Each structure stands twice: as structure tokens, then as C-alpha cells.
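Asks: 3D, please:
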Amino acid sequence: MAGADLDVVIRRVAKEQNKSLVAATKERRDHYVQLAAKAKTKDAKEQYKQLAKDAMELGSAAAKRLQMSADNVADSYARAMRKAVEDAASKPTAATPDKAAKPAKAPKTSAPKKTAAKKAKAKKAKS
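Replies: Numbers count the residues shown, from 1 in each chain. Here you go, the predicted model:
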């Protein structure tokens, strides 16, 4: 995880939290459905069934808000990091102004290098 971008980590954590929230919502709904099944009066059954629907609806809305918030945070972080990288790339470093002030040096041209045979021949000619 050390090399992963933080926006990916944010999305992964939010996905896990979203799954946990949906599971808890379903458990709560199931609890109310069980109570509705055990209820003796028609009014009590309807009340528990309505509670089950409301629990599922509100839990789903909370999960959607959580996911949307996480996406917004991850996008914001990614955008901020891109901007930081662009800013860092556009700022000159301490060594850059010195190099920019100096004119570019022309490459040195040297005489063709002598081969070992030519060097030996030249050495013999001198002696």
C-alpha cells in the first residue's frame, strides 16, 4: 500500500465501509421483518413493515452519500496532487538558473584519434 496513490486507497476504504453499512442496513431491515412476522395485530405488522422499508431506504441513502463523499475526496486529492506536480515542474530549481545563465558550450571537436598502429609508427619515426 505504500506505493499506492492515496486516492485509490480512499476509494477502497470507502467501498469497504459502504459494504459494511449496506450489510448493517439489511440486518436492521431483517430484524423489523421478523418482528412484523411475529406481530399479532394487523396494525403492528404494518408498522414493522413500514419500519423495515424506512430502515432500508435511509440506510441506502446514507451509503450513497458516503460513496459520493469518498469519490469527491479522492477526486479532490488526485486533482491537488496533479496541480502540485505541475507547480513543482514549472518552478526552477536552485541549479537551473546558473545553467540557464551560461551560454551553451559547443561540443569540442578533436582530431581523429590515432590507432595503436599509427601511434607505434609515429613513435618509430621520431626515434
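
Asks: Break down this protein into its helices, ranges please.
Replies: When assigned using DSSP state H, the helices of the chain occupy the ranges 6-38, 42-90, 95-101, 116-126.

Asks: Which of the ones you listed comes out lowest on mean pLDDT?
Replies: Out of those, helix 95-101 stands lowest, with a mean of 55 (criterion: mean pLDDT).

Asks: how far away is Lys45 from Thr25?
Replies: 21 Å (Cβ to Cβ, to the nearest Å). C-beta here means a position set from N, CA and C on the backbone, and glycine is covered the same way.

Asks: same question but for His31, I mixed them up
Replies: Separation of His31 from Thr25 (Cβ to Cβ) stands at 11 Å.

Asks: Neighbour count: these two, which is higher?
Replies: Between His31 and Thr25, counted using other Cβ atoms under 10 Å, the more crowded position is Thr25 (19 against 14).

Asks: what's in contact with stretch 16-24?
Replies: If you take Cβ atoms under 8 Å, 6 or more residues apart in numbering as the criterion, stretch 16-24 is touched by 59-60, 62-63, 66-67, 70.

Asks: if you set the cut-off to 6 Å instead, what comes out?
Replies: For stretch 16-24, the external contacting residues (Cβ atoms under 6 Å, 6 or more residues apart in numbering) are 63, 66-67.

Asks: Kindly tell me how buried Ala55 is, as a neighbour count.
Replies: 20.

Asks: Which residue is the nearest non-sequential neighbour of it?
Replies: Counting by Cβ to Cβ, 6 or more residues apart in numbering, Ala55 lies nearest to Arg28, which is 4.6 Å off, once chain neighbours are set aside.
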